[in-house]
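*Asks:* Using only what follows, build the 3D model:
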Amino acid sequence: MDLRQVGERGLVLVGCGKMGSALLAGWLKGGLPPAAVWVRDPNPSDWLAGTGVRLNADLPADPAIVLIAVKPQVMAEALPALRPLGGGATLFLSIAAGTRIAHYEQALGAATPVVRAMPNTPAAIGRGITAIIGNAHADAGHLALAETLLSAVGEVVRLDHEDQMDAVTAVSGSGPAYVFHLIETLAAAGVAEGLSAELAMRLARSTVAGAGALAAEAAEDPATLRRNVTSPGGTTAAALAILMDEATGFPALLRRAVHAAAERGRELGR
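*Replies:* Prediction:
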């Protein structure tokens, strides 16, 4: 099913914050008619109000898809109103963190096709990556539809089983925050070495952005790119001796950080 076919039956977007808005903007840019989109949001932005979508109107009887983009803490309030659309041909696609597929099956009906997804914030500029996994009632067509819609904001990968979602959340879902903190701390270290705060931040931000773009586009893997920058006995080697220390550097620190995020995801899903 493509965007044209989705437009014929309708798409319901429940929650239109930053991620929902990024997705909606991608769909509209891709040719989905605004009149084919129903949005439920208690505090719509000025941008949303001006898109021409059906805002907080009565929902269609048989939409192609309902995309749930609300925060987990308001899920209990949002799902009961959607139950009449469950158990049939409507696909439910959730980008809410920490809410497992079984929760949707219980709330919407066991026969409801459900796809759970984890995008990340670079979706706001079309550079996100999203992992998806479907339940037993989500067939190949449902997964293809979910992939089509989520591709509007970046790459999409498919998981083998739902338990992998906690690791995905810890690596790519939360990962942008780790990179932003790297920029903060790299700039602060530059200030400590005598740079102005403005110059240090400019250098750190552009360095991380440029290195990320190079890693994404280069044929070499990141380890090779790292070695290409590192001259034996040089300045980079001196820094990497600290950063790559197995006990105190990035290897141990990131393992602990990613594990903590994954464990928290498991707790939220219980």
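*Asks:* The nearest residue to residue 45 once chain neighbours are set aside: neighbouring residues, count only.
*Replies:* Spatial nearest neighbour of residue 45, excluding adjacent residues (CB to CB, 6 or more residues apart in numbering): residue 21 at 7.0 Å. Every C-beta, even on glycine, is put in place using the N, C-alpha and C of the backbone. Residue 21 has 22 neighbouring residues, counting by other CB atoms under 10 Å.
*Asks:* Isn't residue 21 up against residue 46?
*Replies:* No - contact criterion CB atoms under 8 Å: residue 21 and residue 46 do not qualify, at 11.3 Å.
*Asks:* show me the contacts for the nearest residue to residue 80 once chain neighbours are set aside.
*Replies:* Nearest residue to residue 80, sequence neighbours excluded (CB to CB, 6+ apart): residue 107, at 7.3 Å. Taking CB atoms under 8 Å, 6 or more residues apart in numbering, we find residue 107 in contact with 79, 80, 82, 83, 86.
*Asks:* quick one, strands of this protein?
*Replies:* 11-14, 37-40, 54-55, 65-68, 91-94, 114-118, 128-134, 154-158 (DSSP state E).
*Asks:* in its sheet, what does the third one sit against?
*Replies:* Translated: strand 54-55. If you go by DSSP bridges, strand 54-55 pairs up with strand 37-40 (parallel).
*Asks:* Ok, the longest one next?
*Replies:* Strand 128-134 pairs in its sheet with strand 114-118 (antiparallel), strand 154-158 (parallel), by DSSP bridges.
*Asks:* what ranges do the helices span in the stretch 151-270 of the chain?
*Replies:* 165-168, 175-192, 197-217, 222-229, 235-243, 250-268 (DSSP state H, counting those that start in this stretch).
*Asks:* mind listing what's buried in the third one?
*Replies:* Right, the one you point to is helix 197-217. Neighbour-count burial for helix 197-217, counted by 16 or more other CB atoms under 10 Å, picks out 200, 201, 204, 208.
*Asks:* Mean neighbour count, the strands of the chain: which tops it?
*Replies:* strand 91-94 (a mean of 28; mean count of other CB atoms under 10 Å).
*Asks:* what's the domain layout of this protein?
*Replies:* 3-165, 175-268 (automatic domain parsing).
*Asks:* So for the longest one, mean pLDDT?
*Replies:* The predicted model assigns domain 3-165 a mean pLDDT of 92.
*Asks:* Quick check: end-to-end length of it?
*Replies:* End-to-end distance for domain 3-165: 27 Å, by CA to CA, to the nearest Å.
*Asks:* With the last one instead?
*Replies:* The distance separating the two terminal residues of domain 175-268, taken as CA to CA, comes to 18 Å.
*Asks:* Also stretch 209-226?
*Replies:* Taking CA to CA, stretch 209-226 runs 15 Å from one end to the other.
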